[in-house]
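*Asks:* Only the shape, not the letters, is given here:
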């Protein structure tokens, strides 16, 4: 096991009817900016629950944060925060709204000229403006971690940021919100959470028995509850499990003491930047090819995953590893997630070269837990994903 | 799944060589009281590592905190804290030293006349004196939770306390400390952690799939690594797993959203108070009888545990539940933990009545997740444990 540090101060408030507790968490004297996305919260009743809970607070709203939270739009919200002397942010939404809010929490206290530098220069956020979240779409785990990914359409960028100042002070997870989420978004959420676990698990054995078992627990649980939540998102028990799986998949716990990969995300982000493909779907496109390309260095963990998650007990180590990759791709497909780039765009020619070049430009010389996924390897992985 | 709140701000610093990081965690201007137990840390080198790290700090020492931390001795430490204007506590030890330090963290800021009232009246500690821990004996999980159990020999009491003010600010977990722990203590630690998981898991199904799987992960990992750590406590990988299992067994995570039992601990504490039996051993005495007595209400979870942890797949639900109880008792015995009260004392006659009466006096009308373990039931459970 590798040495590690773990600290996660986020207060999780989980369960039906808990959105009203917002007013027990935000200081009464705060000036609040409530942030949300395209307005689905006005249709499903969440908006009303939140504004009811904000009754008595001095608060403003900022809606319209899009998927892959867009830097230029966030700058408009930043202007509101500064002009109106906002002191507390409340994100009501999924990964994009919460990630956007994290950027704002950082930028609001940033003293440099150009907030993009936080992302471009990898500036760690030690202290941010305090914020809470109401999660409306389980997937990314951002509600219980201190990371964020921001897009900038004008430059085709998609960059990450983080730091201890970006943990939400509280996150309210009410599984009843899942009842109104479209099937497509649910499938994306399952795929996103599943791949988050894989990125922290599918490396090489390091004797971290409990971390492995926890990771396998989340994978097994997603396989069991994922298809059922798509079938009946009103089933509270299933929805609650799905929601908790997504949070636990990326709240920092299972990544501690073990090598981490994250190549799939790095490559996938570029596909979103190029073609606007849903984040989760880019992961489903890249993951099988990434594991295929790296089967030699990952075969022990692939075979362990095959046995403990897919009950594959027959065959050589390599055969079991191979079958585990195929089972993974079939699982994504069973959720109606196409797993080929050509399923999403006809203009895929040249993508491999573009992605490889862009990663090189970013200075990412090699990806993966062994730093052996070179730009050349990335080119092959993406090419095989067409 | 039940609604829940989860917040755990403890900073875990895990790995070999990390004890020196004490001086990155305690404020330089603090006046520190270092607390420890019987002095084993002076033999195994931990004392030197800690005092080296405290070089430059204004600090005092208080040694001699015994197993089942004794109130009267803690009062002496409290006097030092007050007389010397201590501002920060550093526990270096196992569950007893850390629990004792938690009591002191609370009592140091308590404004009432009689610190025992904190325990007797169940006063929740909202704010305590800040403290950190260096864990030398994995078992209780106290290094990452906000609970504490204190004993008072003069009255035969063993009482719990807690509150958000009792989370350590940091806990350093260096698995190399395990190399010098006697086998008996290691066996106790495994048994204690194992029973902690059972108390949060062996209730009735409530559809909390991920919590169940996490609990089963810890149980499986303890079964795999427990005997190996006793055999060779110098094996770092095994020691690290054992240590992390003990912490995860009682840091609050797996108990959220599910019913909790804790009857075994309530009964076990009385056996320690009466006969001074090691805490973990009282659990091994009571657990099999508690599950046997409550097999009807717990049979679904017992059978699930039997299947997922002990690979019991044959027989009726009740037969599988029965076999799971037997496997559990055999596991404790395999660690050289006797599981009968008569293995520990010849004067066991009348114990059942005494324990039952004492619990009644404490106002604990009924124990367990269904509050159906009445004083009458406790009497039978203890009697069957002779």
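*Replies:* Received, thanks. If you're wondering where the values come from, they're calculated on a predicted model, not measured in any experiment.
*Asks:* which helices and strands sit right next to the lengthiest helix in chain A?
*Replies:* Using DSSP state H, we find that the single longest helix of chain A is helix A:209-231. Applying 3 or more C-beta pairs under 8 Å, 6 or more residues apart in numbering or on different chains; DSSP states H and E, we find helix A:209-231 packed against helix A:183-201, helix A:236-249, helix A:295-310, helix B:209-231, helix B:236-249. (Each C-beta comes from the backbone N, C-alpha and C, glycine too.)
*Asks:* same thing but at 10 Å, please
*Replies:* Packing partners of helix A:209-231 (3 or more C-beta pairs under 10 Å, 6 or more residues apart in numbering or on different chains; DSSP states H and E): helix A:183-201, helix A:236-249, helix A:295-310, helix A:317-334, helix B:209-231, helix B:236-249.
*Asks:* Give the other helices and strands that the third one contacts.
*Replies:* Looking back up the chat, that one is helix A:295-310. helix A:183-201, helix A:209-231, helix A:279-293, helix A:317-334.
*Asks:* Figure out which of the ones you listed is closest to residue A:249.
*Replies:* In terms of C-beta to C-beta, the element of these nearest to residue A:249 is helix A:183-201, at 4.2 Å.
*Asks:* Can you see whether the closest one contacts chain B, counting any residue in it?
*Replies:* No - Helix A:183-201 is not in contact with chain B by C-beta under 10 Å from any C-beta of the partner chain; minimum separation 11.1 Å.
*Asks:* With stretch A:81-88 instead?
*Replies:* No - using C-beta under 10 Å from any C-beta, stretch A:81-88 never reaches chain B; the gap is at least 18.0 Å.
*Asks:* Flag every buried residue along that stretch.
*Replies:* A:81, A:86, A:87, A:88 (16 or more other C-beta atoms under 10 Å in any protein chain shown).
*Asks:* TSV for those residues, including secondary structure, distance to residue B:199 and pLDDT?
*Replies:* Output for the buried residues of stretch A:81-88, formatted as TSV (DSSP: H, G, I helix; E, B strand; the rest coil; distance: C-beta to C-beta, whole Å; pLDDT from 0 to 100):
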residue	secondary structure	distance to residue B:199	pLDDT
A:81	helix	47	98
A:86	coil	45	98
A:87	coil	43	98
A:88	strand	39	98
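*Asks:* which one of these is nearest chain B?
*Replies:* residue A:88 (18.0 Å; C-beta to the nearest C-beta).
*Asks:* where's the closest one relative to residue B:290, distance?
*Replies:* 48 Å (C-beta to C-beta, to the nearest Å).
*Asks:* swap in residue A:13?
*Replies:* As judged by C-beta to C-beta, residue A:13 and residue B:290 stand 32 Å apart.
*Asks:* now residue A:240
*Replies:* 29 Å.
*Asks:* got a pLDDT number for the residue of the stretch 51-200 of chain A found nearest chain B?
*Replies:* Nearest residue of the stretch 51-200 of chain A to chain B: residue A:175, at 7.8 Å (C-beta to the nearest C-beta). The model reports residue A:175 with a pLDDT of 98.
*Asks:* Could you report the neighbour count for it?
*Replies:* Using other C-beta atoms under 10 Å in any protein chain shown, residue A:175 is surrounded by 26 other residues.
*Asks:* Please name the residues that touch it.
*Replies:* Listed by C-beta atoms under 10 Å, 6 or more residues apart in numbering or on different chains, the contact partners of residue A:175 are A:14-16, A:18, A:135, A:138, A:229, A:233, A:235-244, B:1, B:3.
*Asks:* Please check those and keep the buried ones.
*Replies:* A:14-15, A:18, A:135, A:138, A:229, A:233, A:235-244, B:1, B:3.
*Asks:* how far out from the middle of the chain is the helix or strand harbouring residue A:11?
*Replies:* Taking DSSP states H and E as the definition, residue A:11 sits inside strand A:4-14. Relative to its parent chain, strand A:4-14 has a centroid offset of 17 Å by C-alpha atoms, centre = their mean, to the nearest Å.
*Asks:* now stretch A:223-233
*Replies:* With C-alpha atoms, centre = their mean as the basis, the mean position of stretch A:223-233 lies at 19 Å from the chain mean.
*Asks:* ditto for stretch A:324-338
*Replies:* Computed by C-alpha atoms, centre = their mean, the chain-centroid distance of stretch A:324-338 equals 19 Å.
*Asks:* can I assume residue A:292 is in contact with residue A:318?
*Replies:* No - between residue A:292 and residue A:318 there is no contact, the gap being 11.7 Å when judged by C-beta atoms under 10 Å.
*Asks:* Find the residues that touch each one of the two.
*Replies:* Joint contacts of residue A:292 and residue A:318 (C-beta under 10 Å, 6+ apart) are residue A:302.
*Asks:* how about the worst-scoring helix or strand of chain A on mean pLDDT against chain B, any contact?
*Replies:* In chain A, no helix or strand scores lower on mean pLDDT, DSSP states H and E than strand A:157-162, which sits at a mean of 90. No - applying C-beta under 10 Å from any C-beta, one finds strand A:157-162 separated from chain B by no less than 16.7 Å.
*Asks:* Perfect, I'm done here.
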